[in-house]
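Q: Whatever this is, show me its structure:
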Amino acid sequence: MKAKSGLRATGKTRNYRKKTGLPPGTLVYTGSSEIKTTLDLFTFNQSSIARSSPTQVADLASLMPNDGNSWLNCTGLSDTQLIDEIGAHFKIHPLLLEDILNTSAMPKIEDYSDVLYISLKMLRWIETEHTFDTEQVSFVVGKNYLISFQEKPGDVFEPFRERLLNGVSKARNRGSDFLAYILTDKIVDQYFTVLEKIENLIENAELDLIGESPSITARDLMHLKKQLILLRKYIYPLRDEVRKLLRTESGLVDRKTGKYIDDIYDHLQNIIQNLETFRDTISSLMDLYSSTVSNKLNNVMKTLTIVGAIFIPLTFLAGLYGMNFNYMPELQYRWSYPVLLGVMFTIAIGMFIYMKSRKWF
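A: Model prediction:
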């Protein structure tokens, strides 16, 4: 197949080109998931909770109380007009809304004084493909409210939703900053699940390589390496942003919540240490794979060399007596043919014994 010249742009790159030439703050969704935008609202306090699905942003004013906390979950980011209306209702900075719709951005945490913006990647493991899918999740933490933005339906928050509705979650008694911590912690916990899956694949690859007939290929090892690179790409910036948040005093983060955020930082540190270990393991496996391939090639070449070394003198004798001359001394001798065969057989056996004694094979 003839290779095409030039480099082909990825889907994310093509979508990001939509922003080219537009003024700052212009809302352009750079993702590829065209999911209808829906809203899911939780309003709660220590004694009560209510769940609703508003269809218009104008309904939020009557649904969100002033004496409790609210969690508005926005699923699907393709409806930029609705996102713009949410931003206008909560007086969110246009640049912050632009970051929400830029799904290729790296994780970050920014304090806008009136709101705290948190952006990170949520991972889903795909068992059939031995890989994970990424989705950007953004949180806007304000006073007494939290807004979460997701690209697609389905997340790791469902068990928390059930606890929240059943009144067994601590979030019912805490502020929106603690709610943001819980949701972030759920996403970080999912990193451990993905990391465990990759660890199992690495262990299987290691056992396969040290077996008698390895079936793993260089493509499989490169796939594992790319998985670790992607995890590193998403987790390192988040670790740095969480550390920056811990060092910066934000009016939207309670001191009690700060201790919980420190626990997230410890989790991220643990994940990064495991990533470094797995990366070293993958490098060792790639070296082992190269050595295995080289050993196989060496064994093949050794076998061919031994066969060639044995048959070279035999070929010489066969070629010598295959020449068509009239006056060859041995042609008239009755036992020439069996003697020649005996000599050739003796040479072959002798060379075999000699090579065996020198431990060449």
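Q: Next one, pLDDT for the nearest residue to Ile347 once chain neighbours are set aside please.
A: Of all residues not flanking Ile347 in the chain, Pro313 sits nearest, at 5.3 Å (CB to CB, 6 or more residues apart in numbering). For glycine as for every other residue, the C-beta is placed from the backbone atoms N, C-alpha and C. The confidence metric pLDDT takes the value 86 at Pro313.
Q: Show me what the helix or strand containing Pro313 is packed up against.
A: Assigned by DSSP states H and E, Pro313 falls within helix 255-320. Helix 255-320 is packed against helix 176-209, helix 218-247, helix 336-357, with contacts defined by 3 or more CB pairs under 8 Å, 6 or more residues apart in numbering; DSSP states H and E.
Q: what's in contact with the last one?
A: Spelled out, that is helix 336-357. Helix 336-357 is contacted by residues 306, 309-311, 313-314, 317-318, 321, 330, 333, 361 when judged by CB atoms under 8 Å, 6 or more residues apart in numbering.
Q: let's go with 10 Å and repeat that
A: 305-306, 309-318, 320-321, 328-330, 333, 335, 360-361 (CB atoms under 10 Å, 6 or more residues apart in numbering).
Q: Which of those are buried, as a PyMOL select command?
A: Once 16 or more other CB atoms under 10 Å is used to decide burial, the buried members of the contacts of helix 336-357 can be selected in PyMOL as follows:
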select buried, resi 306+310
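Q: re earlier: how close does the residue nearest to Ile347 get to Asp155?
A: According to CB to CB, to the nearest Å, Pro313 and Asp155 sit 75 Å apart.
Q: Show the low-confidence segments of the stretch 1-150 of the chain, by residue range.
A: Filtered on pLDDT under 70, the stretch 1-150 of the chain yields the residue ranges 1-25.
Q: Recalculate using a threshold of 80.
A: Applying pLDDT under 80 to the stretch 1-150 of the chain flags residues 1-26, 31-33, 65-66.
Q: Okay, strands next: where are they in it?
A: In the stretch 1-150 of the chain, strands defined by DSSP state E, counting those that start in this stretch lie at 38-44, 49-52, 69-75, 108-111, 116-126, 131-142, 145-150, listed in chain order.
Q: out of those strands, which comes closest to Ala58?
A: In this view, those are compared for proximity to Ala58 by CB to CB, and strand 38-44 is the closest at 11.7 Å.
Q: helices or strands next to the closest one in the packing?
A: Packed against strand 38-44, as judged by 3 or more CB pairs under 10 Å, 6 or more residues apart in numbering; DSSP states H and E, are the following elements: strand 49-52, helix 60-63, strand 69-75, helix 80-90, strand 145-150, helix 158-166.
Q: Tabulate these in TSV, adding columns for mean neighbour count and distance to Ile235.
A: Formatted as TSV, the entries for these read as follows, by neighbours: other CB atoms under 10 Å; distance: least, CB to CB, whole Å:
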stretch	mean neighbour count	distance to Ile235
strand 49-52	14	32
helix 60-63	12	34
strand 69-75	21	24
helix 80-90	17	27
strand 145-150	23	19
helix 158-166	14	21
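Q: Which of the ones you listed sits closest to Glu241?
A: Here strand 145-150 is closest among the helices and strands packed on strand 38-44 (CB to CB), at 17.1 Å.
Q: Quickly run through the sheet partners of the closest one, with directions.
A: strand 69-75 (parallel), strand 131-142 (antiparallel) (DSSP bridges).
Q: can you state the direction angle for the helix holding Pro313 and helix 218-247?
A: Interaxial angle of helix 255-320 relative to helix 218-247 (axes from the mean of the first three to the mean of the last three CA atoms, to 10 degrees): 160 degrees.
Q: tell me the angle helix 255-320 makes with helix 176-209.
A: Counting by the same axes, to 10 degrees, helix 255-320 lies at 20 degrees to helix 176-209.
Q: Off-centre distance for helix 255-320?
A: Mean-position distance between helix 255-320 and its chain equals 21 Å (CA atoms, centre = their mean, to the nearest Å).
Q: Show me how the chain divides into domains.
A: Structurally, the chain divides into domains by automatic domain parsing as follows: 11-292, 297-357.
Q: which of those domains is buried the deepest?
A: Neighbour counts (mean count of other CB atoms under 10 Å) averaged over each of the domains of the chain peak at domain 11-292, with a mean of 16.
Q: Determine how far it lies from the middle of the whole chain.
A: Using CA atoms, centre = their mean, we find the averaged C-alpha position of domain 11-292 to lie 14 Å away from the chain's own average C-alpha position.
Q: which residue packs closest to the residue most central in space within the chain, ignoring adjacent ones?
A: With distances taken as CA atoms, centre = their mean, Gln227 lies nearest the centre of the chain, 3.2 Å away. If you skip the residues right next to it in sequence, Gln227 has Ile198 as its closest partner in space, 5.5 Å away by CB to CB, 6+ apart.
Q: I'd assumed Arg232 was in contact with that neighbour.
A: No. If you go by CB atoms under 10 Å, Ile198 and Arg232 don't touch, sitting 11.7 Å apart.
Q: any common contacting residues for those two?
A: When contacts are counted by CB under 10 Å, 6+ apart, Ile198 and Arg232 are jointly contacted by 275, 278.
Q: which secondary structure element contains Ile216?
A: Ile216 belongs to no helix or strand, assigned by DSSP H and E.
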